[in-house]
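Participant: Build me a model from this:
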Amino acid sequence: MIRNGKAFRSLALQVSVFFLVGIILTGCLSYFTLTDNADKNVVEEKKNLSSGIATDVDSSIREVKSHEWVIAYLSKHLQDETLDLEYDCSEKTEEKTRDLTSRNKGLSIYEATAEELDRLSEEDQKIYAEIVFNKWLSRLNNLKMAYHVSYLYFLATNDEYKECFFFVSASDGKMKRSSKTGDAYVFGTKVELNQDQSNAFRELKGGEDYLVYTEGFMDRYRYLFKVGDYNFITGMTFNISEIKQDVKQRTIQGVIGFIMLQILLSSFCLILIDTFVLRPLKRVNSSVNKYAESKDSEKIRNQLKKIHSKNEIEVLSKNISEMVVEIDDHLEEIKNITAEQERISAELNVATEIQNHMLPNIFPPFPDIAEFDIYASMRPAKEVGGDFYDFFMVDEKHVALVMADVSGKGVPAALFMTIAKILIKNRALLGESPSSILENVNNQICEGNEVGFFVTVWLAIIDIETGQGIAANAGHEHPVLCRKNGTFELVEYRHSLAVAAMEGMKFKEHTFELYPGDRIFVYTDGVPEATNTKNELYGTDRMLQVLNNHKDLELKQLLKMLKKDIDDFVGEATQFDDITMLMFVYLGKEEDSE
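Facilitator: Numbers count the residues shown, from 1 in each chain. Take a look at the predicted model:
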């Protein structure tokens, strides 16, 4: 029995030393760990970010259909002092645009062809070039400010790579614009290249970006295209040292705040230890243990009522007494929650059935049509998913194939999927082309898309009599084609943006031709991105290998074989994404097959 405070003071001293050592060690480890991780993350983030910015610059330039004409025009008029270029505003450019389009009815700044521009007067050609230059500059200015790029530009150099002239240099409004080093260069500023820059620019034609990280700066260069005698290259610079310094300061502030919080918590704990008396606390502990064994709440509450310490122990005993009652209530609540979860699970099962019935799942779907066969499957990652496939006859001689993937998972994605599926089918049945279908569906969905969902879509319409097809790909996976007696191979080409990503988009389409025996395989990203316990991706190479190893199987068996191989690869890992696949074989007419 403790009859004085020595033992308690000793315990308080021990706990104080423990907290103090813990605070010091935690603060030091947190600082070094966070600083090291922050440095690595900054470099890796800027590497990935610079690649995306280079792609965005390329896309912004190519967005103008006659960008090569504009570049050739401006390159030809480098020394033309009559060029009226705006660098950091767009008011005059907007006025020029209105005047130009009013004089030349039907002229589109982004869609005008070189032939249309050649027919313009010399003055209008100059104005058009000035307008496009300002739009490019405005876009680069926005990118520079949005991503805190130190320098962002694209320049031109001939095949000798001895000097270059700057075409567009971005400014955030704070940089001085001139022809001096360190400023945002004006159009046509010429700079001599050193040997390292010449070698780097010369290697860019191989298709790989040139990325260098030295002395606190990161530079990335990417080859864009060649117009006339000039090679056009985009480049950017990030000041990594400034970013690291800022991150370091924030890390120090965070660690100091964390240490202060730890000190406050430690002090609070010491106060509690100083306040509590061990003997009443032991009685409380004993009562709790008995309740844990017997679950007799009435008996335990009677024991706790006998504690009259006139301090926090008495309050604690009352709280525990109330907690016992709450535990009993919670146990009853858990039973109710379990019943509710079972009800929700049953409703989700119904939702799963509804979604399954929304997708065509009777095979063969068109037993009276001999020109083709088809099989498809969908396995959601949750009870309901955002993937969907569809196929239907547009008319007596055209079949439509759809493979799509909605961003997100679960019930919200499933609802978005339902809307997209219905809209696509309704537009297709009106006889529109794939690009027109996606354009109209995109505009409809964007009107009420408050949650920001989007859907990648591969859509094809095939003439079953001739094998002629038209397809459009809105940000979806590359389709796979297997010619008769051939092998399954990816059909890679430039995609459009996903549906609902941006209102007013145009979607590209391309034609293809199938011959009897040819097969098309389309799928969602749940197939190549299936991940095992080692965090390895299944990938398209493995997918193609399985398809080619079993290409003689019937459609249904071939997809089952592929699904089994995916399951074997994933093993015990959790399925994070929906897995949806569709295989189409073109048989043609009987005389065509013969």
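
Participant: secondary structure class for Phe133?
Facilitator: Here Phe133 takes the helix state, with states given by DSSP: H, G, I helix; E, B strand; the rest coil.

Participant: again with Arg222
Facilitator: Under three-state DSSP, Arg222 falls in the strand class.

Participant: Now for it: which residues touch it?
Facilitator: Listed by CB atoms under 8 Å, 6 or more residues apart in numbering, the contact partners of Arg222 are Ala54, Asp58, Leu204, Asp209, Tyr210, Ile233, Thr234, Gly235. Just so you know, the C-beta spots here come from the backbone N, C-alpha and C atoms, and that holds for glycine as well.

Participant: Run a quick neighbour tally on the fourth one.
Facilitator: Neighbour count for Asp209, taken as other CB atoms under 10 Å: 15.

Participant: Can you check the pLDDT for it?
Facilitator: Asp209 is assigned a pLDDT of 81 by the prediction.

Participant: In contact with it, which residues are there?
Facilitator: Applying CB under 8 Å, 6+ apart, one finds that Asp209 lies in contact with Ser51, Ala54, Arg220, Tyr221, Arg222.

Participant: What distance do you get for the closest residue to the last one other than its chain neighbours to Gly228?
Facilitator: Right, Arg222. Across the structure, with CB to CB, 6 or more residues apart in numbering as the measure, the residue nearest Arg222 apart from its sequence neighbours is Ala54 (4.3 Å). Distance of Ala54 to Gly228, given as CB to CB, to the nearest Å: 22 Å.

Participant: circling back to that earlier point, which of the contacts of Asp209 sits closest to Leu265?
Facilitator: Relative to Leu265, the closest of the contacts of Asp209 is Ser51; by CB to CB it sits at 43.4 Å.

Participant: so which strand or helix has that closest one?
Facilitator: helix 6-62 (DSSP states H and E).

Participant: which stretches of the stretch 301-450 of the chain have low pLDDT?
Facilitator: When the per-residue scores of the stretch 301-450 of the chain are filtered using pLDDT under 70, the ranges that remain are 301-318, 320-322, 324-325, 328, 331-332, 338-357, 383-385.

Participant: same question, the stretch 101-250 of the chain
Facilitator: Counting by pLDDT under 70, the ranges of the stretch 101-250 of the chain that qualify are 206, 215, 242-248, 250.

Participant: What are the boundaries of the strands in it?
Facilitator: According to DSSP state E, counting those that start in this stretch, the stretch 101-250 of the chain carries its strands in the segments 151-157, 163-169, 177-178, 184-185, 190-192, 210-214, 217-227, 230-239.

Participant: Show me what counts as buried in the second one.
Facilitator: This means strand 163-169. Of the residues in strand 163-169, those buried under the neighbour-count criterion (16 or more other CB atoms under 10 Å) are Cys164, Phe165, Phe166, Phe167, Val168, Ser169.

Participant: And Lys174, how far from Phe133?
Facilitator: 21 Å.

Participant: now do Ala413
Facilitator: Taking CB to CB as the measure, Ala413 falls 42 Å from Phe133.

Participant: So for those two, which sits in the more crowded spot?
Facilitator: When Ala413 is set against Phe133 and neighbours are counted by other CB under 10 Å, the residue ahead is Ala413, at 25 against 22.

Participant: spatially speaking, which residue is in the middle of the chain?
Facilitator: Among the residues of the chain, the smallest C-alpha distance to the mean C-alpha position (CA atoms, centre = their mean) belongs to Ser407, namely 9.0 Å.

Participant: list the contacts for that one?
Facilitator: Listed by CB under 8 Å, 6+ apart, the contact set of Ser407 reads Gly386, Ala413, Phe453, Phe454, Val455, Ala498.

Participant: who wins for neighbours among the residues you listed?
Facilitator: The member of the contacts of Ser407 surrounded by the most neighbours (other CB under 10 Å) is Val455, with 30 neighbours in all.

Participant: so it makes contact with Val499?
Facilitator: Yes - when contacts are counted by CB atoms under 8 Å, Val455 is listed as touching Val499 (5.0 Å).

Participant: Convert the C-alpha atoms of stretch 105-117 to PDB, please.
Facilitator: Backbone C-alpha positions of stretch 105-117 (Å, rounded to 0.1, in the frame of the first residue of the first chain) are rendered in PDB as follows:
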ATOM      1  CA  LYS A 105     -16.900  35.100 -93.400                       C
ATOM      2  CA  GLY A 106     -16.600  31.500 -92.400                       C
ATOM      3  CA  LEU A 107     -12.900  31.800 -91.400                       C
ATOM      4  CA  SER A 108     -12.100  29.900 -88.300                       C
ATOM      5  CA  ILE A 109      -8.900  30.700 -86.300                       C
ATOM      6  CA  TYR A 110      -8.400  27.100 -85.300                       C
ATOM      7  CA  GLU A 111      -9.700  25.200 -88.300                       C
ATOM      8  CA  ALA A 112      -8.600  27.400 -91.200                       C
ATOM      9  CA  THR A 113      -6.500  25.500 -93.800                       C
ATOM     10  CA  ALA A 114      -3.300  26.700 -95.500                       C
ATOM     11  CA  GLU A 115      -5.300  27.100 -98.700                       C
ATOM     12  CA  GLU A 116      -7.800  29.400 -97.100                       C
ATOM     13  CA  LEU A 117      -5.000  31.500 -95.600                       C
END
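
Participant: next structured bit after the host helix or strand of Trp458?
Facilitator: Following DSSP H and E, one finds Trp458 within strand 455-463. Stepping forward along the backbone from strand 455-463, the first helix or strand reached (DSSP H and E) is strand 468-474.

Participant: Next one: Val43 from Ser60, what distance?
Facilitator: To Ser60, Val43 is 26 Å away according to CB to CB.

Participant: Check Asn426 too.
Facilitator: Remark: distance between Asn426 and Ser60 (CB to CB) = 34 Å.

Participant: Looking at the two, which is more packed in?
Facilitator: Just comparing Asn426 and Ser60: by other CB under 10 Å the higher neighbour count belongs to Ser60, 20 against 14.

Participant: Ser179 versus the more buried one, what's the distance?
Facilitator: For Ser60, the distance to Ser179 (CB to CB) stands at 24 Å.

Participant: Check His550 too.
Facilitator: Taking CB to CB as the measure, His550 and Ser179 are separated by 65 Å.

Participant: same thing with Lys144?
Facilitator: As defined by CB to CB, Lys144 lies at a distance of 19 Å from Ser179.

Participant: Between these two, which is the more surrounded one?
Facilitator: Lys144 (23 against 13).
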